[in-house]
Structure formats: C-alpha cells, structure tokens
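Undergrad: Predicted structure and sequence below. I'll ask about it afterward.
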Amino acid sequence: MLFSMTNTDQLVHWLLGSLELQTTVFHVGQYCGRWRASTAGHALGSFHLVLHGDCYLHVDGSEPIALHPQDGVFLLRDIPHFLSPDPDRAAALSQVVMQPLSASSPSGATGLACGYFHFRSALSVLIVDSFPDYLILRADDPSLRAARTLLDLILEESGDDPEHPSPLIARLVEVLFFYVIRHVAHSDVVASGLLALARRNEFKPLLDHLMQAPGENWSTDEMARITHMSRASFYKHFVDASGQPPAQFLLSLRMKIAAQQLHAGESIERTAEYVGYRSHAAFSRAFKKVIGEQPGAYRRGVRQRDNLRNLN
C-alpha cells in the first residue's frame, strides 16, 4: 500500500479515493402548498437538498424526519420514501409539478435540489455496504462547515428552469457527498465492515498489518496472535465488529486492494502476487466473486471511464 494506516482518517481517505460516483441532477426548484416528491423506484441512489423552507422525509417503517434549510438526505440505496411539507404521511398529495425558484418565495414554499447518483463499480458498492440506507446532512453540524459552502454554491447555480439545472450542480453534489461520507465514517452509525473495525482499538494493529502485507499467509490463528486474543475470542469479537468471518473479510479486503492496484495501472500479474495469489486463475475467480467481473474487464472499464472523463 502507498501509506501507513495509523488512524481511521487515512483509511477513510483510501476508501473515498476508491469510490467512483456519477451524479445526475434532474430538477432544482420549489414546491408550494400540499405536495409530495420522491426519487424512489429507479434502482439508484438519490439525494434531496433543502435550499429553503421546511419539509419532512418519510421512510417506510420510520418516524418522519424534519428537514430544514440547507439540510439534506443522501439515500445510498433505492428505498421507498418521499418528502412532503407535513409530518402526517396521509396528508401528502401525489407528486406535483415543481415550480422555478424565485427571489421572493411564497410563504410555506420549499426549495429542493433533487437527483440520482450511481456507484460505477462493484468496488464502490462494497465500500458503502456498511453504511445505513440513508445519511442525513444537518446544516447546523459544526463538523460540516465546508459542506455549507457547497450548499451556498448549489443555490447560486440553481437558475430558473427546474427541469434543466446547471451541470455544475452535479459536480458540487458529488463533492458534498464525499464530505458527508467522510463525516459519517467517523460516527457510530457505521455498524460493521472495514470502518467499524478501524474504530476498534484492539483491531487497529491487525488492520495495519493486513493493509501493509495483504499477500501474507494470514490464518485466523495468526490474526488472533496479533490482537493478543485466543482464537475463539478473536473470532467472536471480529465477527461482531465486521459482520463477517475473518477469512471472508480478508478475501474482500484483498480484492478491494487489488481493484485499487489495477485502477492505478498495475499489471494483473503483479496485482495478483501482491495480494497473495500465485495462480492467475485462482486470482481471477476470487476477483470476480468479490468485485463482480474479471480483472481484465475491470481494467478495461476503468480505462474507458477515464477516457470519457478526459473527453468531457
């Protein structure tokens, strides 16, 4: 690896650097009176940013969540939900047409920027698997001061056509999303996975070893020795923290590292050896099992996406 993982921040930066995100803003405007808005049902992640006014997020099985100016919600998975101006679900109308933003908004109007995002690789999906279904951005959170600046820029770019927002808004939303992910990665809502392990002091030395030498012959006994636990105790606490057995976690971690090596331009042969595989066939099977495609196809996809970005 290119760094020494001495704290959670470095791990978060590594994971964020592996995320490939494509954002589409489909409308920016305001709703008045009784209304209902939703981005559900498209098999994509989505977001709603409150530009002005107040509203409520309704998610099936949960109490309504009040949202205020410059609050936002990022839905990492396509779950049933909608926004409305009333905490009573039954009071919401069916979806209505969004109106253009105006300098003098009517009383009770709510301005929103809404859109979708797509994780463009299986590796990105793996990274967000340990996060909850949705993340709430709060304007008054002191740890997200930089995010408020981005929201101000989004409002400046809002324009007067709800159906054809500025393309710059999508780029600003992507940066905002990374701030939110980094913030949430340090919170207690990350219940399992790599980040959850990194927040447990007893597992930090082990993660450091695994990240620095993923190709070593890591047995459960050796991992337990590094954490100064018995094999049985290590196995139990590891599964509690990560949500999966050590061997399964190690496979996933090795393939995450392999995907990043390939993304950086390393050859398949060197990447396989780096993460502990002497057989090209065995490495290809493991990579496809975790990432969802063969190493060669993954590399070609990365190059195609990079070329498209350069053209744009």
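TA: Here it is on my side, so go on.

Undergrad: contacting residues for Pro162?
TA: Contact analysis of Pro162 by CB atoms under 8 Å, 6 or more residues apart in numbering lists 27-29, 98-101. (Glycine included, C-beta is placed from N, CA and C.)

Undergrad: any chance of those in TSV, plus secondary structure and neighbour count?
TA: Putting the contacts of Pro162 into TSV (DSSP: H, G, I helix; E, B strand; the rest coil; neighbours: other CB atoms under 10 Å) gives the following:
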residue	secondary structure	neighbour count
His27	strand	16
Val28	strand	28
Gly29	strand	24
Met98	coil	20
Gln99	strand	16
Pro100	coil	14
Leu101	coil	21
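
Undergrad: Tell me the one among these nearest to Leu75.
TA: Of all those, the one sitting nearest Leu75 is His27; the distance, using CB to CB, is 16.1 Å.

Undergrad: quick one, what contacts the closest one?
TA: With contact set as CB under 8 Å, 6+ apart, His27 has these partners: 98, 112-115, 162-163, 165.

Undergrad: So which of these are in strands?
TA: Secondary structure assignment by DSSP state E places 112-115 of the contacts of His27 in strands.

Undergrad: before we move on, the earlier item: tell me the one of the contacts of His27 nearest Asp208?
TA: Out of these, the member with the shortest distance to Asp208 (by CB to CB) is Gly115, at 38.2 Å.

Undergrad: My understanding was that that closest one contacts Thr24; is that so?
TA: Yes. Gly115 lies in contact with Thr24 (CB atoms under 8 Å); the separation is 5.3 Å.

Undergrad: intersection of neighbour lists for those two?
TA: Taking CB under 8 Å, 6+ apart as the contact criterion, the common neighbours of Gly115 and Thr24 are Ala170.

Undergrad: more neighbours, those two?
TA: Looking at Gly115 and Thr24 with other CB atoms under 10 Å, you find the greater number of neighbours at Gly115, namely 22 against 14.

Undergrad: In three-state terms, label the closest residue to that one other than its chain neighbours for me.
TA: Once its chain neighbours are removed from consideration, Gly115 has its nearest residue in Val25; the separation is 3.9 Å (CB to CB, 6 or more residues apart in numbering). For Val25, the secondary-structure state derived from DSSP: H, G, I helix; E, B strand; the rest coil is strand.

Undergrad: doesn't Arg171 make contact with Val25?
TA: No. If you go by CB under 8 Å, Val25 and Arg171 don't touch, sitting 9.7 Å apart.

Undergrad: which residues does Ser84 bridge with?
TA: The residues paired with Ser84 through beta bridges, assigned by DSSP bridges, are Tyr56.

Undergrad: After the lowest-mean-pLDDT helix or strand in the chain, which helix or strand is next?
TA: Among the secondary structure pieces of the chain, namely its helices and strands, helix 122-128 has the lowest mean (mean pLDDT, DSSP states H and E), a mean of 65. Past helix 122-128, further along toward the C-terminus, the next helix or strand under DSSP states H and E is strand 134-137.

Undergrad: Against which helices or strands is that following strand packed?
TA: Here strand 134-137 is seen to pack against strand 55-59, strand 72-75, helix 167-185 when contacts are counted using 3 or more CB pairs under 8 Å, 6 or more residues apart in numbering; DSSP states H and E.

Undergrad: right, and those - which one's nearest Ser284?
TA: Comparing the helices and strands packed on strand 134-137 by their distance to Ser284 (CB to CB), the top pick is helix 167-185, with 30.1 Å.

Undergrad: from the chain's centre, how far out does that closest one sit?
TA: The gap between the average C-alpha position of helix 167-185 and the chain average comes to 10 Å, counting by CA atoms, centre = their mean, to the nearest Å.

Undergrad: what's it in contact with?
TA: Under the criterion CB under 8 Å, 6+ apart, residues 8, 12, 15-16, 19, 21, 23-25, 28, 47, 49, 72, 74, 113, 115, 117, 128, 131, 135, 137, 141, 143-144, 146-147, 150-151, 153-154, 157-158, 190, 195 lie in contact with helix 167-185.

Undergrad: so what's Leu250 scoring on pLDDT?
TA: According to the per-residue confidence, Leu250 scores 94 in pLDDT.

Undergrad: pLDDT weak spots in the stretch 1-150 of the chain?
TA: Counting by pLDDT under 70, the stretch 1-150 of the chain shows low-confidence ranges at 1-9, 11, 15, 18, 92-95, 103-105, 121-127.

Undergrad: If Gln30 is in a bridge, with which residues?
TA: Taking DSSP bridges as the rule, Gln30 bridges to Gln99, Gly111.

Undergrad: which ones are touching it?
TA: For Gln30, the set of contacting residues under the criterion of CB under 8 Å, 6+ apart consists of 51-53, 98-102, 105, 109-112.

Undergrad: any idea how far Ser230 is from it?
TA: Using CB to CB, to the nearest Å, we find Gln30 at a distance of 61 Å from Ser230.
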